[in-house]
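Engineer: got a sequence here, can you model it:
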Amino acid sequence: MLKIFGAPSRYIQGAGALDTLGGYAALFGRHAALVIDRYVHGVLGPRIETLCAAHHVRLTPLRVDGDLTPDLIAALRAQAAAAGIDMVIAVGGGKSLDAGKAVAKAAHCHLVTVPTVASNDAPTSKNYVLYDAHHNLLAVEHMLFNPTIVLVDTAIIATAPAHFFRAGLGDAISKKFEAEQCGRNGGRNMYDGAPLLSAQLIADGCLRTLLADGADALAAAGSGSPTPAFERVVEAMILMSGLGFESGGLSIAHALTRGLPKIAGVATALHGLQVAVGLLVQLDLEERQDGMLATLTQWYDQVGLPTTLRALGATGPTDAELTLAADLTLNARHAANFDRTLDIGTLADALRRHA
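Structural biologist: So this is what the prediction gives:
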């Protein structure tokens, strides 16, 4: 199996990064689809239009409302095709960025992602997730390549509510441990190749940064004023975490996001919060003797991450719910990236210990 590493072509981060958008967009043409939700368009739309117009790039807004279903993607792609766009600019949270990826894939064009929250590592990856009308996960799709440009304006991200930032911490903290399991057990990463050492080292650096600066960074979330710790942790949550999972691979912590939503009360919990609990379940199953489970539990308390299913919103998990969650989890591709083959009963028991 060949080893493969992938990444965006360019990553730009800092307060005021959005101001460079027009110049970068002009490298790819004169007409962009702006994939954006209604709220973010109201806040940033006029500024983005002015920035692009200054470089002679016009915009066709494509609004993202509701779940990212096949019907919504088909409608957005049809609008983009009719407009004759040269590129896609996706601005907002994970849903808008994923919609932008789906449009860019169909149009075979460059994609610029501009995250407005740091709740996950979607901005750097080629993956996007589709749901049905009842918010059940249908499929994880892939662009051929990663976004061309990722613009991370930390002054904008620092205005987002702290609970989104906390979810980003939960999504990122797992990557070192999942990449370890994938690499150690012959797993494939998101490029269908074996992970290179580089991806593991990046995931290790992500963990070290979060443990050192996560609490201080969280204190700045929502203030509108990024601090040095905030800058470091945003880099860890978006860039290091994104490269770590996509080129390093995933394991049980993310596989559990297929099953946990079937437990009553959990489906509405943010992705990163589900991953945070999933990581504790994974470390439990690893039977680690290095004290890491205790270290992470203490850090979770510092930053307010959930440590149990009830803290995620579970209303009292039943045996049937835990069994179904375990079954769905083990059907996920990433679940095979583990030191031993798990069965439904073993995983359900681990979930029960974290109920």
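Engineer: going by C-alpha atoms from here, please, whenever you check contacts or count neighbours.
Structural biologist: Noted.
Engineer: so this protein: which segments form each domain?
Structural biologist: Split into domains by automatic domain parsing, the chain comes to 17-152, 251-355.
Engineer: columns mean neighbour count and mean pLDDT on top of the ones you listed, output as JSON lines?
Structural biologist: As requested, these are exported to JSON lines (neighbours: other CA atoms under 10 Å; pLDDT from 0 to 100):
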{"stretch": "domain 17-152", "mean neighbour count": "20", "mean pLDDT": "96"}
{"stretch": "domain 251-355", "mean neighbour count": "19", "mean pLDDT": "96"}
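Engineer: could I get those as TSV with distance to Ile238?
Structural biologist: Shown next, in TSV, are the domains of the chain (distance: least, CA to CA, whole Å):
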stretch	distance to Ile238
domain 17-152	5
domain 251-355	12
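Engineer: looking at those, which is nearest to Gln200?
Structural biologist: domain 251-355 (13.4 Å; CA to CA).
Engineer: wait, a helix at Ala236?
Structural biologist: Yes: the assignment for Ala236 is a helix, going by DSSP: H, G, I helix; E, B strand; the rest coil.
Engineer: test my guess that it contacts Arg208.
Structural biologist: No: counting by CA atoms under 8 Å, Ala236 sits too far from Arg208 to count as a contact (9.2 Å).
Engineer: related to what we said a few turns ago, so which of the domains of the chain gets nearest Pro226?
Structural biologist: If we rank the domains of the chain by CA to CA, the stretch that ends up nearest is domain 17-152, at 12.0 Å.
Engineer: roughly how far out does that closest one sit from the chain middle?
Structural biologist: Centroid separation for domain 17-152 versus its chain: 15 Å, with CA atoms, centre = their mean, to the nearest Å.
Engineer: quick one: end-to-end length of it, please.
Structural biologist: 6 Å (CA to CA, to the nearest Å).
Engineer: neighbouring contacts of the helix or strand encompassing Lys101?
Structural biologist: Secondary structure assignment for Lys101, by DSSP states H and E: helix 94-107. For helix 94-107, contacts defined as CA atoms under 8 Å, 6 or more residues apart in numbering pick out 35-37, 64, 67-68, 73, 76-77, 80-81, 87-91, 110-111, 113-115, 119-120, 122-123, 126-129, 143-144, 147.
Engineer: which one of Ala236 and Arg208 has more residues nearby?
Structural biologist: Ala236 (28 against 15; other CA atoms under 10 Å).
Engineer: against Gly183, how distant is that one?
Structural biologist: 20 Å.
Engineer: same deal with Ala82?
Structural biologist: From Ala82 to Gly183 the distance is 44 Å (CA to CA).
Engineer: stretch 277-292: how far from the chain's middle?
Structural biologist: 22 Å.
Engineer: export that stretch as PDB, just CAs?
Structural biologist: C-alpha atoms of stretch 277-292 as PDB (Å, rounded to 0.1, in the frame of the first residue of the first chain):
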ATOM      1  CA  VAL A 277     -16.700  11.300  24.600                       C
ATOM      2  CA  GLY A 278     -15.800   8.900  21.900                       C
ATOM      3  CA  LEU A 279     -12.200   9.400  22.500                       C
ATOM      4  CA  LEU A 280     -12.600   8.500  26.200                       C
ATOM      5  CA  VAL A 281     -14.300   5.300  25.100                       C
ATOM      6  CA  GLN A 282     -11.500   4.600  22.700                       C
ATOM      7  CA  LEU A 283      -8.800   5.100  25.400                       C
ATOM      8  CA  ASP A 284     -10.800   2.900  27.700                       C
ATOM      9  CA  LEU A 285     -10.800   0.100  25.100                       C
ATOM     10  CA  GLU A 286      -7.000   0.600  24.500                       C
ATOM     11  CA  GLU A 287      -6.500  -0.200  28.200                       C
ATOM     12  CA  ARG A 288      -3.700   2.400  28.300                       C
ATOM     13  CA  GLN A 289      -1.300   2.300  31.200                       C
ATOM     14  CA  ASP A 290       0.400   5.700  30.600                       C
ATOM     15  CA  GLY A 291      -1.900   7.900  32.600                       C
ATOM     16  CA  MET A 292      -3.300   9.600  29.500                       C
END
